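# Next one to model:
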Amino acid sequence: MVKIGIIGGTGFDENIFEDEKKIEKSTPYGKPSDKIITGKYKGVEVVFIPRHGAKHTINPTNVNYRANISALKDLGVTHILAPTACGSLRENMKPGDFIMPDQFIDRTTKRIQTFYDKDQVCHISMADPFCEKLRKLLNETADELKVRHHKKGCLLSVEGPRFSTRAESFLFRSWNCDVLNMTTAPEATLAREAGICYQPIATVSDYDCWKESEEAVTQDMVSMIAKKNAENIKKLVLTTIPKIKDWECSCRTAIDVAIIK
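You can find the predicted model right below:
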């Protein structure tokens, strides 16, 4: 049975699901970011976690990614849609655009990357780190809704919480990265270890600081664009949810051959 997890923020903190409940959840890795919202949308079970807490009080480094993914797994989630604000490293990826990444580069330094950090070793395959089937559905839905979007791209995850220096921004562009954020790593890897299909929806809020003709990114700028994007994110996610099927997918079976026994 399909059960959809949403990890995000703005746009999902209101009564938008049927039979909505808020539940407390504990995991072997501690507590998730906040109370978890469960409910249904058009007959599909949905679970929502506010990544940074309901009042956005948890910085990217301190998000308990393992607890969030573990809680979703324990609740029976099969697919995760993960909206995430990002900075653009490309002229054609403009504030307000959506990108459905197909690759990422991890530049975080302080986060536990795996559930298997004690008495087992897990080498999970991440060659194609996101779910191709979810990405295809999201792109088709974005086409249908006429939301300006890009069908793939390379996302760079940085540690934060600071924004980039200009030198870093130019370096990231030279690596052929398209957008950058602070949360996809290790969230995507943990979802793969948990056998859950996972796809980020990157929403451009700014041009980072490489574009010298533009004002350098500020938190006010990010918040303003995020609020403008919120309605489109909600529309995209909600329209996609009823289309998701209980498909066979390598995302869900990669763990079967990843643990050294």
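# Torsion angles phi and psi at residue 206?
The phi/psi pair for residue 206 (degrees, to the nearest 10) reads phi -170, psi 180.
# now do residue 199
Main-chain torsions, residue 199, degrees, to the nearest 10: phi -140, psi 120.
# contacting residues for it?
By CB atoms under 8 Å, 6 or more residues apart in numbering, the contact list for residue 199 reads 80-82, 100, 130-131, 134-135, 138. All C-beta spots, glycine's among them, are computed from the backbone N, C-alpha and C.
# tally of neighbours for the closest residue to it other than its chain neighbours?
Nearest residue to residue 199, sequence neighbours excluded (CB to CB, 6 or more residues apart in numbering): residue 134, at 3.8 Å. Using other CB atoms under 10 Å, residue 134 has 26 other residues around it.
# for the one 3 residues further on, same thing?
Other residues within reach of residue 137 by the criterion other CB under 10 Å amount to 21.
# on that earlier part again, okay, and which of the contacts of residue 199 map to strands?
Using DSSP state E, the subset of those located in strands is 80-82.
# Next, the buried residues of stretch 162-174.
By neighbour count with 16 or more other CB atoms under 10 Å, stretch 162-174 contains the buried residues 163-164, 168-169, 172-173.
# now the residues you listed as JSON lines including distance to residue 39 and secondary structure?
As requested, the buried residues of stretch 162-174 are exported to JSON lines (distance: CB to CB, whole Å; DSSP: H, G, I helix; E, B strand; the rest coil):
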{"residue": "163", "distance to residue 39": "35", "secondary structure": "coil"}
{"residue": "164", "distance to residue 39": "37", "secondary structure": "coil"}
{"residue": "168", "distance to residue 39": "40", "secondary structure": "helix"}
{"residue": "169", "distance to residue 39": "40", "secondary structure": "helix"}
{"residue": "172", "distance to residue 39": "38", "secondary structure": "helix"}
{"residue": "173", "distance to residue 39": "41", "secondary structure": "helix"}
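# Present these as TSV; the columns should include pLDDT.
Formatted as TSV, these follow (pLDDT from 0 to 100):
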residue	pLDDT
163	93
164	94
168	97
169	97
172	98
173	98
